[in-house]
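Enquirer: here is my input, please return the structure:
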Amino acid sequence: QVQLVESGGGLVQAGESLRLSCLASGSIFRVNGMRWYRQAPGKQRELVAGITYSGSTNYADSVEGRFTISRDNAKNAVYLQMNSLKPEDTAAYYCNADIQAPRIWDRGNYWGQGTQVTVSS
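Expert: Below you'll find the predicted structure:
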């Protein structure tokens, strides 16, 4: 069974840093696009950053220059380095990935369970 598992969330003060990790596990042939989304209470889920298999990246304007997305294709992992955190970055962060798998029923788009990031002022 394919699944995404995030880790690395927590409570930090404004200006500090956190690094989120997401590992795809199961019978996987290849992980294509990988992304981080976030959702704050009462708000819609929004795309934070994305990275292609070859390493091309894109970022939301609100995090450009502060957050860095990276990946390790050998580990089927994606990371989000978050620096200079602000209280408005407080949200549940979700990993999202497009999976290629040997079994047809395992192929598709997957979400992780989410990890909470709280930034105090």
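Enquirer: helices of this structure, start to end?
Expert: Per DSSP state H, the chain carries no helices over any range.
Enquirer: backbone phi and psi for the residue nearest to V119 when sequence neighbours are not counted, please?
Expert: Of all residues not flanking V119 in the chain, L85 sits nearest, at 4.6 Å (CB to CB, 6 or more residues apart in numbering). Glycine gets a C-beta too; all of them are placed from N, C-alpha and C. For L85, the backbone dihedrals (degrees, to the nearest 10) come out as phi -60, psi 150.
Enquirer: surely E6 is in contact with Y94?
Expert: Yes: applying CB atoms under 8 Å as the test, E6 and Y94 come out as touching, 7.2 Å apart.
Enquirer: now do stretch 39-52, average pLDDT.
Expert: Stretch 39-52 shows a mean pLDDT of 97.
Enquirer: what's that stretch in contact with?
Expert: Residues outside stretch 39-52 that contact it (CB atoms under 8 Å, 6 or more residues apart in numbering): 32-38, 57-60, 63, 67-71, 78, 80, 90-94, 114.
Enquirer: which among the residues you listed end up buried?
Expert: 34-38, 59, 63, 67-69, 71, 78, 80, 90-94, 114 (16 or more other CB atoms under 10 Å).
Enquirer: which residues does the spatially most central residue of the chain bridge with?
Expert: The centroid of the chain falls nearest to W36 when counting by CA atoms, centre = their mean (3.0 Å). Per DSSP bridges, the residues bridged to W36 are A49, C95.
Enquirer: I'd assumed Y93 was in contact with it.
Expert: Yes: counting by CB under 8 Å, W36 touches Y93, with 5.9 Å between them.
Enquirer: coming back round to it: quick check: neighbours shared by E6 and Y94?
Expert: Joint contacts of E6 and Y94 (CB under 8 Å, 6+ apart) are G112, Q113, G114.
Enquirer: format these as TSV; extra columns: pLDDT and distance to E46.
Expert: Formatted as TSV, the shared contacts of E6 and Y94 follow (pLDDT from 0 to 100; distance: CB to CB, whole Å):
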residue	pLDDT	distance to E46
G112	97	16
Q113	96	18
G114	96	14
